[in-house]
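Q: Provided below are the primary sequence and the corresponding predicted coordinates.
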Amino acid sequence: MAPTTNDDAGPPPPKKARSENNSPANAADSSTTSSLEPSFGLPFITLTYATSLDSQLSLAPGTQTHLSGPLSKSLTHHLRTRHSGILIGVSTAVADDPGLNSRLAGTDLAKQPTPIVLDPTFRWNLRRNSRVLQTAREGKGKAPMVVVGSDAYKIGDPRIQWVVEAGGQVVVLDLDADDGKRWSWEYLLRSLKSYELDSIMIEGGGEVINSLLKEENQKYVGAMIVTVAPTYLGKGGVRVCPDRREDEEGKVVSAVSFSDVQWLPLGRDVVMAAKVDW
Ligand SMILES: NC(=O)c1ccc[n+]([C@@H]2O[C@H](COP(=O)([O-])OP(=O)(O)OC[C@H]3O[C@@H](n4cnc5c(N)ncnc54)[C@H](OP(=O)(O)O)[C@@H]3O)[C@@H](O)[C@H]2O)c1
Ligand SMILES: Nc1nc(=O)c(N)c(NC[C@H](O)[C@H](O)[C@H](O)COP(=O)(O)O)[nH]1
C-alpha cells in the first residue's frame, strides 16, 4: 500500500508518561505546559522527520513523498503546537509548497509555530497563493520568516511585499565570510533566538538534517523524533546519512549515538524519540 495522503491532521496523539523537562518524551507529551527550555542562550531544537527503511526522505530530489501515516502525522502536527518555530531548507519549500502549520483540530493561532525558511539566495519560487501565505491570510497559521543573504534582498521584489502583507518578514543575515553560501548553526540559532523563537522544530530536508548531524553541530540538537515508515523508496532519493566519524585513534565509530531512547508504534509506523549523545 503506497504511503497515505491526508490533509486533516485528525485527533491528537495518545498521551505519554510524564518525564523530565527537556527529555524527548516531553517534546511529544501534551500534559506539560512548560515550553522546551532554551540552553546556552540558544533555542531548544527538536530535529524531526519521516524516513523510509532505506533512510530516505523522498523518492527523488525536488519531489514530495508522503511517508507518515495518519497517526504519526498527527504526532508531527502536535509537535508543531509545542514549538515557537518550524524550520526547513529552501529546497523543501520549493518541492513541497508546505503549509507549515498545525492542522490539529482546535489549534489556536497563538499555538501555531512561525515557519522559517533558509533561503540564502532567495530562490524560493514564492507566489502570492503559496500555501504558507494562504494559510497565514486565513488565520490558520503564522506567516513565514524567510532568511536570506544580504545580496539576495532586492527592494521592490514582489515576494517581500507578499510575505509582509501576510504578516511575515524577510530577515537578512550576513553569510559566512568564508564560503558566502552558508550560515553556521551557531549564528543562525543565535539570530533566531533574538526573534524570541525559544524552541524550533527542524523538519528538513536532507541537507539541513545531515548538516545538523555533523559531529560539530550535534550539540545544538535537544531532541530527535524520527518517524520510520514501512517502505523502501529505492536508490536515487534524498538520503539522511551523516558523515563518517572516527575516534581519536582513527577507528571508525557511530556517527550519531542516542540516550533516553523510546519507541512508539503509531499505526503502520514507529516513532523514535531520543536525545543525541554528542
Ligand atoms: N520525509 C520528511 O520528513 C521530509 C522533511 C523535509 C523535506 N523532505 C524532502 O526533502 C527534500 C529536500 O531536501 P534537500 O536536501 O534537497 O534540501 P533542504 O535541506 O530542504 O534545503 C537545502 C537548501 O537550503 C539552504 N540551506 C540549508 N542549510 C543552510 C545553511 N546552514 N545556510 C544557508 N543555507 C542553507 C541551501 O539553499 P541554496 O541551495 O539556495 O544555497 C540548501 O541548498 C524534498 O524532496 C522534500 O520533500 C522530506
Ligand atoms: N512528518 C512528515 N512525514 C512525511 O511523510 C513528510 N513528507 C514530511 N515532510 C516534512 C516537510 O517539511 C514537508 O514540507 C511538510 O510536511 C509539508 O508541510 P505541510 O504538511 O504542508 O504543512 N514530514
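A: In hand now; what should we look at? Numbering: from 1, shown residues only. Ligands and ions are numbered 1, 2, ... in the order given.
Q: Next, count neighbours for the residue in the stretch 1-150 of the chain positioned nearest to ligand 1.
A: Nearest residue of the stretch 1-150 of the chain to ligand 1: Gly89, at 2.2 Å (Cβ to the nearest ligand atom). (C-beta placed from N, C-alpha, C; glycine too.) Look at Gly89: counted by other Cβ atoms under 10 Å, it has 21 neighbours.
Q: Tell me the pLDDT of it.
A: The model reports Gly89 with a pLDDT of 98.
Q: Please list the residues of the stretch 101-250 of the chain that sit near ligand 2.
A: 203-204, 227 (Cβ under 6 Å from any ligand atom).
Q: wait, what's in contact with the residue of the stretch 1-150 of the chain closest to ligand 1?
A: Gly89 makes contact with 117-118, 204-205, 207-208, according to Cβ atoms under 8 Å, 6 or more residues apart in numbering.
Q: can you do 6 Å?
A: 118, 205, 207-208 (Cβ atoms under 6 Å, 6 or more residues apart in numbering).
Q: Ok, Ala143 next?
A: 136, 166-168.
Q: Not counting its neighbours along the chain, what's nearest it?
A: Spatially, and ignoring its direct neighbours in sequence, Ala143 is nearest to Gly168 (3.2 Å; Cβ to Cβ, 6 or more residues apart in numbering).
Q: State the number of residues packed around the one you found.
A: When neighbours are counted by other Cβ under 10 Å, Gly168 registers 21.
Q: again, but for Ile200
A: Around Ile200 there are 28 residues (other Cβ under 10 Å).
Q: so which of the contacts of Gly89 comes closest to Ala105?
A: Of all these, Ala105 sits closest to Gly205, with 27.6 Å by Cβ to Cβ.
Q: and the gap between the closest residue to that closest one other than its chain neighbours and Ile155?
A: In space, and not counting its chain neighbours, Gly205 is closest to Thr92: 4.2 Å by Cβ to Cβ, 6+ apart. According to Cβ to Cβ, to the nearest Å, Thr92 and Ile155 sit 27 Å apart.
Q: who has more neighbours, the two?
A: Thr92 (25 against 5).
Q: By neighbour count, which of the contacts of Gly89 wins?
A: That'd be Gly205 among these, by other Cβ under 10 Å, with 24 neighbours.
Q: tell me the contacts of that one?
A: Applying Cβ under 6 Å, 6+ apart, the residues near Gly205 are 57, 89, 91-92, 238.
Q: Filter the residues you listed down to the ones in helices?
A: Judged by DSSP state H, helices contain the following of the contacts of Gly205: 91-92.
Q: In a markdown table: the contacts of Gly205, plus distance to Val270.
A: Output for those, formatted as a markdown table (distance: Cβ to Cβ, whole Å):
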| residue | distance to Val270 |
| --- | --- |
| Leu57 | 17 |
| Gly89 | 26 |
| Ser91 | 27 |
| Thr92 | 23 |
| Val238 | 21 |
